[in-house]
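what's the 3D shape of this:
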Amino acid sequence: MRALKVARVAATLFTIGTALSADLASQSPDALTPTFRAEVEYVEVDALVTNEQGRFVPGLRKDDFQIFEDGKPQTIANFAVVEIPMEKSERPGVAEPDVLSNERPFAGRIYTMILDDLHTAPSRAPRVKAAARRFIERHLAANDLMAVVHTGGREHASQDFTSSKRLLLAAVDRFMGLKLESAAIARNEEFFRGAGAGGAAIADPFDSERGFNARSTIRGLRTVAEWLGGVRGRRKTILFISEGIDYDITDPFNNRSATAVLDEMRDAIAAATRSNVSIYTVDPRGLTSGADDTIEIGIFADQVPNTYQGDRDTPSQPQPRAAIGTGNLRTELQLSQDSLRTLADETNGFAAVNANDFASVFDRIVSDSSSYYVLAYYPPSTKRDGKFHRIEVRTSRPGLRVRARRGYAAPKGNSQMPPGVTDNGGASPVVLRALNSPLQTNGLTMQMFAAPFQGTAPNASVLMGIELRGRDLTLDGGKRVELSYVAINASGETRGDTDSFTLTLQPDVKAHVGQTGLRVLRRFDLPPGRYQLRVAAHDVAGARVGSVNYDLDVPDYSKLPLSMSGVLLTSRAGTKILTARADAVLQRAMPAPPVALRAFPKDDEVLVFAEIYDRAAGTPHTVDITTTVTASGGTVVWKHADERTSSELQASGGYRHIVRVPMSGVDAGRYVLTVEARSRLGHTATRQVPFEVVPLP
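Model (predicted):
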């Protein structure tokens, strides 16, 4: 069951495949972009080239490399150098943007952090959290994407790909160690209960569950690697924080289970090498000799009586020591560390084992993921025979060291596409590919915002706003735009639909849309929970596709004593964009449609709209609603205060809050708009929106 849950989580994280539509050799060197298939149609290799000091060597060209498969030279069909800058993240506490865009192509690092609940002792869970938090807080750049997966399979623990450190840290905080006690200790306990009489072997009482956990974790690694295979043109890193696989594959009493674990390990490594995924393993135990468990063995030994009663006719004799001793603990430690080394060594990563300096380990992982060369070639054979093919990358430059994956295992059997968003109301294949991609698609530029409102219990009513760039649309009469959206919850369940609209525009309107764009508002019901909203738009005539992935928390408005909807903004500048589909509810509440614009000119006026929901109507009280504009230094530059009384509450149980903020009194710069509702019964609700004021031309 746990393995199935890990696979289901992974299915919500990663991309679904499709065949390459263009000959790779015809692309320009910088055209290595994400595509969507994990098949070995061409082989892609990341090459890390360093000098004698271990520093990356830039400036190499395709002619400086040779690549071999099974000892035979191959023609390099494409070549690219990747050097990713470390973009600075906003300082902690700064409001996250409520509008996301795909205007900038993704140009960061891709990490998947796998936290191994099943192979981490509960007592060492704080070390795992500390290490994971350190990486996210200090080593994750603003231009990176990361997903967090828990091997324990708890449905709401993991986090889909995001650049939000807040969401990633929350996923880390949900980690808990679930590792079984040491097999040596468990067998000693059995010994003291009387097992092993007459010299019989003492079995591990948890062998079945231990083997299941081992296979489940390794299978989860394989699933993640397979899904990551859909991203091409960049290095893909799995950061596996684990105490190693807790199963003795050398135990002759467990041949059957050991074989199954070894098979899973081979499959996981094959999937990683086939998908060009590097696994970096981090042992949270740090520098260790297994002393903690050794102490526990010693405690059991001290409890052994000096004599024992054997045959009643035989005189008492000294009690023999426990059959399982500290040497078994050292063997367990060695085997678990070897599993981490194997996963890393075979996938062009490295293992941080017996190391307390996680900072330098993380620096090296970031360095490997930031600067490298990508070489691609067509394999001499595309047979799906499951055979392993060795890869060797060399450079003609003397004194340089090249690190690359050792090879790949060809797929075996019929191609099976992993699960994902498979229909979504009849979406076209090109839109489904965009919806299933962990990376946003940039062919059609979009901006998106989403705001939850109180709906019909138990659901909330979520309003989405999508603004399409006009010059990316085919505006000739009768051309169709396909729009598909899906919400994926923490369990991997999806809700969504697809619709379309036809652009039939008068010449003057067509020119206006071409300059400003087009807005679509869409509302749908969602139960409370964490979601990733994925929206894809397809200009059918122009064959352009764009997508945006948006993380959203939907509150349970029926249970919170005081809560607030999302905050919507509109302004004169923002309403220049025409709205193809309006929202009937907001038309009765706002003078103009909500906008995605968050950079307002100084002559503009911004209208703020929100709803505050108050469930304490039975007790007369007052709610203070404060709207402030705060500069980056923390100075409040504008403020509006309002008082509402519970006598105003109607059947909806809420207050509508509308306030106008003039930009003329605010200097150019970056600000945070804060709406806070504070009940005098002691409850508070807050929303924040970052925005910018730009000077007039």
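
the residue nearest the centre of the chain in helix, strand or coil?
Geometric centre of the chain, nearest residue: residue 147, 1.8 Å, by CA atoms, centre = their mean. Using DSSP: H, G, I helix; E, B strand; the rest coil, the structure places residue 147 in strand.

wait, it touches residue 136, no?
No: counting by CB atoms under 8 Å, residue 147 stays clear of residue 136, with 11.7 Å between them. From N, CA and C alone the C-beta is placed, and that goes for glycine too.

any common contacting residues for the two?
residue 113 (CB atoms under 8 Å, 6 or more residues apart in numbering).

which stretches of the protein have low pLDDT?
Low-confidence segments of the chain, defined by pLDDT under 70: 1-41, 90-93, 155, 194-200, 251-255, 289-326, 413-419, 650-652.

could you export the longest helix belonging to it as PDB, CA atoms only?
Longest helix of the chain, by residue count under DSSP state H: helix 207-228. Once non-C-alpha atoms are left out, helix 207-228 reads as follows in PDB (Å, rounded to 0.1, in the frame of the first residue of the first chain):
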ATOM      1  CA  ASP A 207      11.500  -9.700   8.100                       C
ATOM      2  CA  SER A 208       8.400  -9.600   5.900                       C
ATOM      3  CA  GLU A 209       7.700  -5.900   6.800                       C
ATOM      4  CA  ARG A 210      11.400  -5.000   6.500                       C
ATOM      5  CA  GLY A 211      11.600  -6.500   3.100                       C
ATOM      6  CA  PHE A 212       8.400  -4.700   2.100                       C
ATOM      7  CA  ASN A 213       9.700  -1.400   3.300                       C
ATOM      8  CA  ALA A 214      12.900  -1.900   1.300                       C
ATOM      9  CA  ARG A 215      11.100  -2.700  -1.900                       C
ATOM     10  CA  SER A 216       8.700   0.100  -1.400                       C
ATOM     11  CA  THR A 217      11.400   2.800  -0.900                       C
ATOM     12  CA  ILE A 218      13.400   1.600  -3.900                       C
ATOM     13  CA  ARG A 219      10.300   1.300  -6.000                       C
ATOM     14  CA  GLY A 220       9.500   4.900  -5.100                       C
ATOM     15  CA  LEU A 221      12.900   6.000  -6.300                       C
ATOM     16  CA  ARG A 222      12.400   4.200  -9.500                       C
ATOM     17  CA  THR A 223       9.000   5.800 -10.100                       C
ATOM     18  CA  VAL A 224      10.400   9.300  -9.500                       C
ATOM     19  CA  ALA A 225      13.300   8.600 -11.900                       C
ATOM     20  CA  GLU A 226      10.900   7.400 -14.600                       C
ATOM     21  CA  TRP A 227       8.800  10.500 -14.300                       C
ATOM     22  CA  LEU A 228      11.800  12.800 -14.400                       C
END
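
tell me which other helices or strands it touches.
Helix 207-228 sits against helix 2-13, strand 110-115, strand 236-241, helix 255-274, strand 277-282, with contacts defined as 3 or more CB pairs under 8 Å, 6 or more residues apart in numbering; DSSP states H and E.

the same query, at a cut-off of 7 Å, please.
Here helix 207-228 touches helix 2-13, strand 110-115, strand 236-241, helix 255-274, going by 3 or more CB pairs under 7 Å, 6 or more residues apart in numbering; DSSP states H and E.

Throw the ones you listed into a markdown table and include distance to residue 483, thanks.
Shown next, in a markdown table, are the helices and strands packed on helix 207-228 (distance: least, CB to CB, whole Å):
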| stretch | distance to residue 483 |
| --- | --- |
| helix 2-13 | 21 |
| strand 110-115 | 27 |
| strand 236-241 | 30 |
| helix 255-274 | 34 |
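
select, out of the ones you listed, the one closest to residue 75.
Residue 75 lies closest to helix 255-274 among the helices and strands packed on helix 207-228, at 20.5 Å (CB to CB).

walk me through the domains of the chain.
Following automatic domain parsing, one gets these domains for the chain: 421-555, 560-697.

residue 284 is nearest to which of those?
Evaluated over the domains of the chain, closeness to residue 284 peaks at domain 421-555, with 24.5 Å, by CB to CB.

look up how far residue 563 lies from residue 684.
Here residue 684 is placed at a distance of 10 Å from residue 563 (CB to CB, to the nearest Å).

ditto for residue 114
Plainly put, residue 114 is 34 Å away from residue 563 if you go by CB to CB.

same question for residue 88.
As judged by CB to CB, residue 88 and residue 563 stand 33 Å apart.

list the buried ones in stretch 394-414?
By neighbour count with 16 or more other CB atoms under 10 Å, stretch 394-414 contains the buried residues 395, 402, 403, 404, 405, 407, 408, 409, 410, 411.

buried stuff in stretch 597-610?
Buried residues in stretch 597-610, counting neighbours by 16+ other CB under 10 Å, are found at 597, 598, 600, 601, 604, 606, 607, 608, 609, 610.

can you map out the helices along the stretch 251-400 of the chain?
Along the stretch 251-400 of the chain, the segments classed as helices by DSSP state H, counting those that start in this stretch run 255-274, 291-302, 326-345, 358-370.

using CSV, please lay out the ones you listed together with mean neighbour count.
Below are the helices of the stretch 251-400 of the chain laid out as CSV (neighbours: other CB atoms under 10 Å):
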stretch, mean neighbour count
helix 255-274, 19
helix 291-302, 14
helix 326-345, 19
helix 358-370, 18
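
mind checking those for the one nearest to residue 47?
With CB to CB as the criterion, residue 47 lies closest to helix 358-370 of those, at 11.1 Å.

how about the strands in the stretch 551-697 of the chain?
Secondary structure of the stretch 551-697 of the chain (DSSP state E, counting those that start in this stretch): strands at 562-564, 568-571, 578-581, 599-601, 605-614, 622-631, 636-645, 654-662, 669-679, 684-694.

how about TSV for these, with distance to residue 510 added?
Listed next are these as TSV, based on distance: least, CB to CB, whole Å:
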stretch	distance to residue 510
strand 562-564	39
strand 568-571	24
strand 578-581	11
strand 599-601	25
strand 605-614	28
strand 622-631	37
strand 636-645	39
strand 654-662	32
strand 669-679	34
strand 684-694	28
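
tell me who's in contact with the residue nearest to residue 74 when sequence neighbours are not counted.
With sequence-adjacent residues excluded and distances taken as CB to CB, 6 or more residues apart in numbering, residue 74 is closest to residue 377, at 4.3 Å. By CB atoms under 7 Å, 6 or more residues apart in numbering, residue 377 lies in contact with 42, 43, 67, 74, 75, 76, 77.

likewise for residue 498?
For residue 498, the contact set (CB under 7 Å, 6+ apart) comprises 424, 425, 426, 427, 482, 484.

show me what residue 530 bridges to in the sheet.
Taking DSSP bridges as the rule, residue 530 bridges to residue 553.

for residue 420, see how far away it is.
In terms of CB to CB, residue 530 sits 19 Å off from residue 420.

for residue 286, same thing?
38 Å.

between the two, tell me which one has more neighbours.
residue 420 (24 against 16; other CB atoms under 10 Å).

my guess is that one contacts residue 434. True?
No: Residue 420 is not in contact with residue 434 according to CB atoms under 7 Å; the separation is 11.4 Å.

wait, residue 236 sits on residue 277?
Yes: using CB under 7 Å, residue 236 makes contact with residue 277 at a distance of 4.8 Å.

sounds good, over and out.
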